[in-house]
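Colleague: Pasting the sequence and the predicted model now:
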Amino acid sequence: MNEKSHYLYARELAELYDISKQTLIFYDKINLLKPAFVGSNGYRMYSFKQFFILGIILDLKNMGLHLSDIQDFISNRNTDSLIPLLSKQIKNLEKKRAMIDRLCYRLQNEVIRLKGHSDIKLNEISLSYLESENMILSEKIPFCESQKNRFIASAELLKNASEDDCLRSLLGAGFVFELDNLEDEPEYYKIFSNASVNKTTFQRPRSIYLQMYVNYTFQNALQLAAPAIKEFCQSLNIKLGKQVYIRPVKNYWTSDTMDTFISKIEIPVIT
């Protein structure tokens with residue numbers, strides 16, 4: 001006969017670790033920590049030894065290990081199995097730390113960029129030296145395609161470019177045309193997005209770029225801005241490359257209506 005003074009009720013064990021009794025019931029159901037015995041009244045009873053085993057389970061869980069890995073270890077506890085388990089988790093945590101560092105860096109840059117919205121001067125043209133950018137490019141997307149198909153193409157590129165630690169809104173995505181003349185009407189465009197090195201399919205070269213902020217969406221930004229850009233280039237006697245990049249600067253994150261969207265036009269200068 002089991003002496004109850006040698007065991008802990010589920011409620012008592014749960015209170016010692018400040019967890020819910022439901023957690024113990026769940027661990028019982030998945031065979032992670034079954035009670036030493038269940039009384040005739042249905043009460044789960046745990047041995048003092050199981051107090052320490054539960055501590056191991058909760059410590060490993062707090063380290064971020066999956067319950068399946070914890071279960072494997074609990075059933076075969078020894079130094080030889082603990083060392084690789086902890087070593088593997090160290091690598092996982094280092095990876096997560098690097099991921100968090102990258103995300104914090106991106107978020108900090110996004111805050112700086114958003115603060116700069118108040119300084120944006122619409123319809124003014126400037127020349128700036130920009131560093132190279134790693135990008136991923138979509139295939140050509142004809143304007144004659146249905147709006148739905150074009151939308152899906154954009155969404156798929158963002159999905160491919162994004163990483164587990166990357167918010168899609170921070171990918172620096174946009175649209176690129178290739179034109180011999182700014183006044184030409186493009187037949188197609190490509191979607192571009194910043195990407196990690198291992199996903200890069202195109203590196204936009206560092207160069208001097210003509211830049212202009214406009215209160216238009218990408219579909220009409222170039223057409224409406226072309227006369228002013230042409231006049232600016234003629235006045236300075238400069239020539240532009242064929243690639244025209246258009247980035248949404250102010251979009252659904254900061255505006256409820258497309259009427260207040262802001263796009264940034266970037267065109268490389270031929271030097």
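Modeller: Looks like it arrived, so ask away. Numbers count the residues shown, from 1 in each chain.

Colleague: The closest residue to E139 other than its chain neighbours: how many residues sit nearby?
Modeller: The shortest distance from E139 to any residue other than its chain neighbours is 7.2 Å, reached at K190 (C-beta to C-beta, 6 or more residues apart in numbering). All C-beta spots, glycine's among them, are computed from the backbone N, C-alpha and C. The tally of other residues near K190 (other C-beta atoms under 10 Å) stands at 19.

Colleague: do the same with the one 5 residues further on
Modeller: The number of residues packed around A195, counting by other C-beta under 10 Å, is 25.

Colleague: residues in contact with it?
Modeller: A195 is in contact with N134, M135, I136, A161, L171, T201, counting by C-beta atoms under 8 Å, 6 or more residues apart in numbering.

Colleague: Among those, the buried ones, what's the ChimeraX command?
Modeller: Here is the ChimeraX selection string for the buried members of the contacts of A195, based on 16 or more other C-beta atoms under 10 Å:
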select :134,135,136,161,171
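
Colleague: Which of the contacts of A195 scores worst on pLDDT?
Modeller: Within the contacts of A195, the minimum per-residue pLDDT falls on L171 (61).

Colleague: May I see the buried residues of the lengthiest helix in the chain?
Modeller: Among the elements of the chain assigned as helix by DSSP state H, the one spanning the most residues is helix 79-115. Going by neighbour count (16+ other C-beta under 10 Å), the buried part of helix 79-115 is Q89, L103, R106.

Colleague: Let me have the residues you listed in JSON lines, extended by distance to Y209 and pLDDT.
Modeller: JSON lines is the format used below for these (distance: C-beta to C-beta, whole Å; pLDDT from 0 to 100):
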{"residue": "Q89", "distance to Y209": "45", "pLDDT": "95"}
{"residue": "L103", "distance to Y209": "27", "pLDDT": "83"}
{"residue": "R106", "distance to Y209": "22", "pLDDT": "81"}
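
Colleague: With distance to W253 as extra columns, can I get those in TSV?
Modeller: Conversion of those to TSV gives the following (distance: C-beta to C-beta, whole Å):
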residue	distance to W253
Q89	36
L103	17
R106	14
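
Colleague: about what we covered before: which phi and psi values does the residue nearest to E139 adopt?
Modeller: phi -120, psi 150 (degrees, to the nearest 10).

Colleague: What confidence value was assigned to it?
Modeller: Confidence for K190, expressed as pLDDT, is 93.

Colleague: Pull the contacting residues for it.
Modeller: With C-beta under 8 Å, 6+ apart as the criterion, the residues that contact K190 are L137, S138, E139, K140, I141, F175, V176.

Colleague: Please name the bridge partners of the first one.
Modeller: The one in question is L137. F192 (DSSP bridges).

Colleague: Next: the last one.
Modeller: In this entry, V176 is beta-bridged to K190, Y245, by DSSP bridges.

Colleague: That one: how many residues sit nearby?
Modeller: The local packing count at V176 equals 22, with neighbours defined by other C-beta under 10 Å.

Colleague: and it, what is it in contact with?
Modeller: Applying C-beta under 8 Å, 6+ apart, the residues near V176 are L137, Y189, K190, I191, F192, Q243, V244, Y245, I246.

Colleague: Alright, calling it a day.
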